[in-house]
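K.L.:
one predicted model, sequence on top.
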Amino acid sequence: MDSNEIASTLTKLFDTNVNAVAPGSWQVETPNFRLLVLLSDDGSWFRALLPLMPIQEAQPFLQQLLEANFDDTHACRYALHQNVVWGVYQHFTNSLTTQDFEDAIAKLVSLQETGLNDVFGNLVESRIQLIIKAAKQQGQTLEATMQNLDRFYAEGLMGEIDESPEVRQKTLTAWRRQLERLWDEVA
């Protein structure tokens, strides 16, 4: 793809929200995000960048973000620069197809829309797996583990001590669902 094809694809995708900020540089501004597309000086590669969140929000999840780079983000990557977590896609322009470019933009927008939901879910799942592993090492069954969790909630060690019985039951039901889903996967 050359700069004309990049510009026309951006216009096709985002209509009037595309601004050429310099030769080989475009900015797409919508109410939900600001996307930057930059060509290298020699035009041999380009980079698409989308700021996702301040580093302070992501700090507890940096391990999960790096794991997502390996498993989930496809050709896009999470990156850190100037105290911001960015979604980044870069590619050589001579082998870039319009479909690859459109897919990358869609993935970056998806990363922005998802925020930390997926990485938070991965963190929670890894913590549940640790609980299962510890329970199994102690010879506990799923039912015994659920009884311990019920006791922890009843004693206020987990959750809020003044939460209603309905809220507590919903929480324990969610625990049971996750434990049942992961119990056989954890050795």
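P.N.:
Received, thanks.
K.L.:
okay, the closest residue in space to Val186 that isn't next to it in sequence and Gln59: tell me how far apart.
P.N.:
In space, Val186 comes closest to Ile132 once its chain neighbours are excluded; the distance is 4.2 Å by Cβ to Cβ, 6 or more residues apart in numbering. Where C-beta positions appear, they are placed from N, C-alpha and C, glycine not excepted. Distance of Ile132 to Gln59, given as Cβ to Cβ, to the nearest Å: 27 Å.
K.L.:
of these two, which one has the most company?
P.N.:
For the pair Ile132 and Gln59, the greater number of neighbours falls to Ile132 (21 against 9), based on other Cβ atoms under 10 Å.
K.L.:
hang on, isn't His91 packed against Thr97?
P.N.:
No. Distance between His91 and Thr97: 9.5 Å, which falls outside the contact criterion (Cβ atoms under 8 Å).
K.L.:
which one of those two is surrounded by more residues?
P.N.:
When His91 is set against Thr97 and neighbours are counted by other Cβ under 10 Å, the residue ahead is His91, at 17 against 11.
K.L.:
got the phi/psi numbers for that one?
P.N.:
For His91, the backbone dihedrals (degrees, to the nearest 10) come out as phi -160, psi 150.
K.L.:
three-state assignment of Gly43?
P.N.:
Judged by DSSP: H, G, I helix; E, B strand; the rest coil, the three-state class of Gly43 is coil.
K.L.:
going forward can the numbers begin at 388, since that is how I track them
P.N.:
New numbering, starting at 388: the last item is Gly430.
K.L.:
residue contacts, it?
P.N.:
Residues in contact with Gly430 (Cβ atoms under 8 Å, 6 or more residues apart in numbering) are 389-390, 411, 480.
K.L.:
quick one, which residue of this structure lies the farthest from its center?
P.N.:
The outermost residue of the chain relative to its centre, with distances by Cα atoms, centre = their mean, is Gly526 at 34.8 Å.
K.L.:
for it, which three-state class applies?
P.N.:
Under three-state DSSP, the three-state class of Gly526 is coil.
K.L.:
worst-scoring helix or strand of this structure, pLDDT-wise?
P.N.:
Every helix and strand of the chain was ranked by mean pLDDT, DSSP states H and E. The lowest is helix 449-458, at a mean of 82.
K.L.:
quick one: the helix or strand hosting Arg538 to chain centroid distance?
P.N.:
For Arg538, the enclosing helix or strand under DSSP states H and E is helix 529-541. The gap between where helix 529-541 is centred and where its chain is centred comes out at 31 Å by Cα atoms, centre = their mean, to the nearest Å.
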